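Student: A structural model of the following input is requested.
(chains A and B)
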Amino acid sequence: MGYVINRLLQGLMVIAVMAVLVFIGVYAIGNPVDMLISPEADQAEIQATIVRMGLDKPLWEQFLAFINGALHGDLGTSFLYNEPAVRLILERFPATLELALAAILMAILVGIPLGVIAGLKPNGIVGRAIMTISILGFSLPTFWVGMMLIMIFAVNIGWLPSTGRGETASLFGVQWSFLTGDGLAHLILPAINLALFKTSLVIRLARAGTREVISQDYIKFARAKGLSEPRVILVHMMKNMMIPVVTVLGLEFGSVVAFAVVTETVFSWPGIGKLLISSIVHLDRPVIVAYLMLTVMLFVTINFLVDLIYALLDPRVRRKESA
Amino acid sequence: MTTIPATPMLNPAPVEVSVETPAQRLVRKFVANRLALGGLIVFVLIALAAILAPLIAPQNPYDLAVLDIMDGSLAPGELSGDGKPFLLGSDEQGRDMLSAILYGLRISIGVGVGSTVIALTIGLAMGLFAAYSGGWRDALVMRLVDLQLGFPPILIALILLAILGRGVDKVMIALVALQWAYYARTVRGNALVERRKEYIEAARCLGLPYSRIVFGHLMPNCLPPLIVVATMQVAHAIALEATLSFLGVGVPVTEPSLGMLIANGFDFMMSGRYWVSFFPGVTLLITVVSINLVGDHLRDILNPRLQK
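Tutor: Below you'll find the predicted structure:
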């Protein structure tokens, strides 16, 4: 229990530190007045806008207002859309979530079989080819691959659409693309694009796991029992090599959400990443701050959950911390 | 075959034959892998092309006087108004893409290598400091490292650039801030193992000053794994810079790196003029892959666990 509280306090500390850093950093630079008020506006109009947005108050007062708001779930109002920043982000989050989940699913479905094959035959031609592909997957810049996908599949062949989410359908009051044929078609290219890097990672993990597990006694025993090779691989081996793969993918979920920034920009996918980039370009600071704070919270939550699971699985972690 | 006549000549000094310095062993093992050697050669050629860009580029792509709007959007291989070919085509302002790529490489590689060297220096110092002093100083540095490595690099880069704004120097600051933690962690791990060894003990017994023990004895022995990390990080830094510039938060329009060139060509791609962003992308890809091939092989060579 002491361990849980310890981790929880650490997580809250991280959020607090990030709040201060992000706020001071973002609010100390640039002048949104120049960005948001038309050059033709007279002095009175400019003053009125400054007062309405609270930009005339000293920085620390703005910060206190920000913290007070944050504790009430209000991270400011977008300068650009004139809507609460948190609502803007939450509205777009399902699109990003959908994209990230589709990419992770794709990485698992493609990466694990390839990794297992490469692990079973590490020195064969197929095994080497798979590893070369995975190096390529690590090296290819995501945004460039996305552009090439658009060029080939959307412009040249014209099979798949390249921008937007397409038609969406409602489930639990949220709009999802994968429920309609058109939406699914729109989802394919961005998901492939976002999955590429993680697929390479899964291939490497699955290969390493396979090579480690394959020499264990219980695999030899299963073979000696006369079990069929598919059963040995699919049941006995897979079960044991999946643990690190699943753990790492859980940890990587947050990074997929962060990396969606690139894919969303290339494919005009209306998620939170695209919103962040346009907010940075337009100096829409409340939205930047809200995005960063929500993402930091997401990360702290993921790290906290992973720590908890580790502690549950491995008693040594608990003992070391409390000692 | 050739060793037979050589043997008698070596007899007077047999000791010299078997002695191979670590550096020589490294070179021998590295050259043995053709793929890695090829990667190194390609990268050296690319780096040379970038350094010599003002001499070898067909035109100075940022000298507006030499650009002719009449030469705009020519396909690769087409001739310009005055009969010179555009090997890789031209953009809509009549800028030769080959020249633009060569100049873009200067910025991309400069930012990648520069930020890595600075981050390496900072990370090395912090890692050695943490490992050698231990206690709360160590804990403080490593907590900071953990905190930073808990977030994906692109997110940290976006935070920093949202704060700092655009610019080559700002991108470099962001990349340095991202990378130092990797080096600090690697160095610390290694230094903790090394500092318990006898030669450090011996140096202490000799009463050598602190700085000499750390920099003269401890540091050289922590370098090998760092070289691997640094090689890979150069590739990461180049790719990340390109990504940030593509997103429009990296280098300014006046100093276009490869990522910026690719972003500029994005709109033309839809109308079939693929070359404006295709060739910068291929250049970026070749650069990153060649560095990764070198790094991958270096890791195999320098990893003590893989050595017999």
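
Student: quick one: average confidence on the longest helix seen in chain B?
Tutor: In chain B, with assignment by DSSP state H, the single longest helix is helix B:97-133. Computed over helix B:97-133, the mean pLDDT rounds to 87.

Student: likewise stretch B:271-286?
Tutor: Mean per-residue pLDDT for stretch B:271-286: 80.

Student: buried by neighbour count: which residues of that stretch qualify?
Tutor: Neighbour-count burial for stretch B:271-286 flags B:273-281, B:283-286 (criterion: 16 or more other Cβ atoms under 10 Å in any protein chain shown). C-beta: built from backbone N, CA, C; applies to glycine.

Student: list the contacts of stretch B:103-115.
Tutor: B:46-47, B:49-51, B:53, B:57, B:60-62, B:168, B:171-172, B:175-176, B:179, B:234-235, B:237-238, B:241-242, B:251, B:255-261, B:280, B:283-284, B:287 (Cβ atoms under 8 Å, 6 or more residues apart in numbering or on different chains).

Student: just those: which are in strands?
Tutor: Among the contacts of stretch B:103-115, DSSP state E puts none in strands.

Student: now, which of those residues lie close to chain A?
Tutor: Restricting the contacts of stretch B:103-115 to those near chain A by Cβ under 8 Å from any Cβ of the partner chain leaves B:235, B:242, B:259, B:284.

Student: which element, helix or strand, includes the closest residue to the first one other than its chain neighbours?
Tutor: In other words, residue B:235. Spatially, and ignoring its direct neighbours in sequence, residue B:235 is nearest to residue B:291 (4.0 Å; Cβ to Cβ, 6 or more residues apart in numbering or on different chains). Residue B:291 is part of helix B:275-302 when elements are defined by DSSP states H and E.

Student: again, but for residue A:65
Tutor: Following DSSP H and E, one finds residue A:65 within helix A:59-71.

Student: and that helix, what does it pack onto?
Tutor: helix A:2-28 (3 or more Cβ pairs under 8 Å, 6 or more residues apart in numbering or on different chains; DSSP states H and E).

Student: about what we covered before: just the contacts of stretch B:103-115: which are in helices?
Tutor: Among the contacts of stretch B:103-115, the members found in helices (DSSP H) are B:46-47, B:49-51, B:53, B:168, B:171-172, B:175-176, B:179, B:234-235, B:237-238, B:241-242, B:258-261, B:280, B:283-284, B:287.

Student: now, of those residues, which are buried?
Tutor: Among the ones in helices among the contacts of stretch B:103-115, those buried by neighbour count (16+ other Cβ under 10 Å) are B:46-47, B:49-50, B:53, B:168, B:171-172, B:175-176, B:179, B:234-235, B:237-238, B:241-242, B:258-261, B:280, B:283-284, B:287.

Student: just want the angle from the helix holding residue B:291 to helix B:97-133.
Tutor: Here helix B:275-302 runs at an angle of 30 degrees relative to helix B:97-133 (axes from the mean of the first three to the mean of the last three Cα atoms, to 10 degrees).

Student: now the spatially closest residue to residue A:102 that is not a sequence neighbour: which helix or strand?
Tutor: Residue nearest to residue A:102 in three dimensions, not counting chain neighbours: residue A:191, with 3.9 Å by Cβ to Cβ, 6+ apart. If you go by DSSP H and E, residue A:191 is part of helix A:181-214.

Student: next structured bit after that helix?
Tutor: helix A:217-224.

Student: contacts for that next one?
Tutor: Residues contacting helix A:217-224 (Cβ under 8 Å, 6+ apart): A:213, A:229, A:231-232, A:236-237.

Student: one step back: relative to the whole chain's centre, how far out is the helix holding residue B:291?
Tutor: Offset of helix B:275-302 from its chain centre (Cα atoms, centre = their mean, to the nearest Å): 10 Å.

Student: packing partners of that helix?
Tutor: Applying 3+ Cβ pairs under 8 Å, 6+ apart, one finds that helix B:275-302 contacts helix A:125-139, helix A:142-149, helix B:22-32, helix B:34-51, helix B:97-133, helix B:219-247, helix B:258-269.

Student: where are the low-confidence patches of chain A?
Tutor: For chain A, the stretches flagged by pLDDT under 70 are A:1, A:26-41, A:49, A:52-56, A:158, A:165-171, A:173-174, A:177-181, A:310, A:313-323.

Student: that one against chain B: which residues are in contact?
Tutor: Going by Cβ under 8 Å from any Cβ, the residues of chain A near chain B are A:14, A:17, A:22, A:25-26, A:28-30, A:135-136, A:138-144, A:147-148, A:150-151, A:155, A:254-255, A:258-259, A:261-262, A:265-266, A:276-277, A:280-281, A:288, A:292, A:295-296, A:299, A:303.
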